[in-house]
Each structure stands twice: as structure tokens, then as C-alpha cells.
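no FASTA, just this:
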Ligand SMILES: Nc1ccn([C@@H]2O[C@H](COP(=O)(O)O)[C@@H](O)[C@H]2O)c(=O)n1
Ligand SMILES: C[C@@]1(CO)OP(=O)(O)OP(=O)(O)OC[C@H]1O
């Protein structure tokens, strides 16, 4: 592999999907680090926030330090009900401890509801504070196709850029 006298950026990818919680076990909806009053919640071991989880996974991927399951497995009782913002902040800490600085994280959620755009700024501010680096969030439907289109759950995909801050 070629070596360079300066660090090159590394990209990462993360995808997360959560199904809606069953009607006989309703949950609050946490999405993009925000609570969405009156919206049907998602099932999960943690708070089930696919936007925050995809962002965290993209950071792990960019740094090459495993993935969400490596660091926050469902066998870890301390992460039961954990906030996506807490997991994202912890992921950013792990990536920095591994010798990287974070350029940015971009996330897109895929789902019919909630209408995300009116709270985009609020969500981006919460996620950016958690990561200590810029996090942007966009949203799309899947044009009524697939599991998101049928309203069975919400998906998110994220990319991240990190740069090594260790001497080569
Ligand atoms: N949950 C969502 C989904 C979409 N949006 C916004 O609507 C625009 C159009 O979405 P299409 O899937 O019909 O292309 C999209 O670009 C978002 O701005 C949203 O806010 N929340
Ligand atoms: C976050 C963890 C751990 O609480 O649980 P879930 O909320 O189920 O989320 P998922 O995206 O399936 O990732 C696995 C786990 O690491």
C-alpha cells in the first residue's frame, strides 16, 4: 500500500433499520436524537434511534474499529434503553481515542413519518453536539415501496469522514 507524507481522509458507512414497536407494547419515538410526541415508536434494545445508530456505525466504519454490535451489543445490559445521542457521543469518543478526528457525518433517514424537515435544525444541533463534529440529516420516503413504504419501520444510512491525527 502506498504511503503519503500526510494523512488521507477515510470514509465510513453505516446503515440501521428499526421496526415499529408492536401495538400491544407501544414505545416513544426517538429519531435523530429527538423525541417525537404522538408518533408511533420503534422497537429496539436501546431507544431504537436509527439516525443516531447509523451515524455511530459510520464513524466506527471510517476508523476501522468494528461496528455498533462490537461496542454496544444487545448483550450489554447498560445499553438497554440507551439514548442514541449517548451512543453517538460514545462512538465519537472511541474513534478519537483510536487516533482520529472527525470531519463530518451525513445521515439520510428513509421513512414515511414523521415529516422530518420541520425539526431538521433541532436534530442536527443535538447530533452535532453529541458527535463533537458536524452532523447533517436529510430525509426521504421510498415512494411507498418496500418496508419503509409499507410503514413497517424506519431506515437510515450514513457516511462519515475521519482523518488520522497520529504521526505517520
Ligand atoms: N420522513 C420524511 C420524508 C421526506 N421528507 C421531505 O420530503 C421531501 C420529499 O420526499 P420524497 O421521498 O417524496 O422525495 C424530502 O426531500 C424531504 O425534504 C421529510 O421531511 N420527512
Ligand atoms: C444499539 C443496540 C444496543 O443497545 O441495540 P438496538 O437498540 O437494538 O439497536 P441496533 O441498531 O439493532 O444495534 C444493536 C445494539 O448495539
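Received, thanks. All figures in this text were calculated on a predicted structure; none of them were measured in a lab. Ligands and ions are numbered 1, 2, ... in the order given.

In the lowest-mean-pLDDT helix or strand in the chain, which residues are buried?
In the chain, no helix or strand scores lower on mean pLDDT, DSSP states H and E than helix 68-72, which sits at a mean of 95. Neighbour-count burial for helix 68-72 flags 68, 71-72 (criterion: 16 or more other C-beta atoms under 10 Å). Any C-beta I mention is one placed from the backbone N, CA and C, and that applies to glycine too.

which one among these gets closest to ligand 1?
Here the nearest of the buried residues of helix 68-72 to ligand 1, counting by C-beta to the nearest ligand atom, is residue 68; it sits at 22.4 Å.

pretty sure that closest one is touching residue 60, no?
Yes: contact status for residue 68 versus residue 60: in contact at 6.9 Å, counting by C-beta atoms under 8 Å.

Which residues are in contact with each of those two?
Counting by C-beta atoms under 8 Å, 6 or more residues apart in numbering, the shared contacts of residue 68 and residue 60 are 14, 91.

Contact residues of this protein facing ligand 1?
111, 115-117, 139-141 (C-beta under 6 Å from any ligand atom).

want to throw those residues into CSV with pLDDT?
Below are the residues of the chain next to ligand 1 laid out as CSV (pLDDT from 0 to 100):
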residue, pLDDT
111, 98
115, 98
116, 98
117, 98
139, 98
140, 98
141, 98
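
I'd like to know which of these are buried.
111, 116, 139.

my guess is the first one meets residue 155, correct?
Yes: Residue 111 is within contact range of residue 155, at 6.8 Å (criterion: C-beta under 8 Å).

overlap in contacts of the two?
Joint contacts of residue 111 and residue 155 (C-beta under 8 Å, 6+ apart) are residue 148.

one step back: closest one of the buried ones among the residues of the chain next to ligand 1 to residue 1?
residue 139 (37.7 Å; C-beta to C-beta).

would the closest one count as being in a strand?
Yes: assessed with DSSP: H, G, I helix; E, B strand; the rest coil, residue 139 lies in a strand.

Quick check: the nearest residue in space to it that is not next to it in sequence vs residue 163, distance?
Nearest residue to residue 139, sequence neighbours excluded (C-beta to C-beta, 6 or more residues apart in numbering): residue 116, at 3.8 Å. For residue 116, the distance to residue 163 equals 29 Å [C-beta to C-beta, to the nearest Å].

Then residue 66?
As judged by C-beta to C-beta, residue 66 and residue 163 stand 19 Å apart.

Comparing those two, which shows the higher neighbour count?
Shown here are residue 66 and residue 163; by other C-beta atoms under 10 Å, residue 163 has more neighbours (15 against 12).
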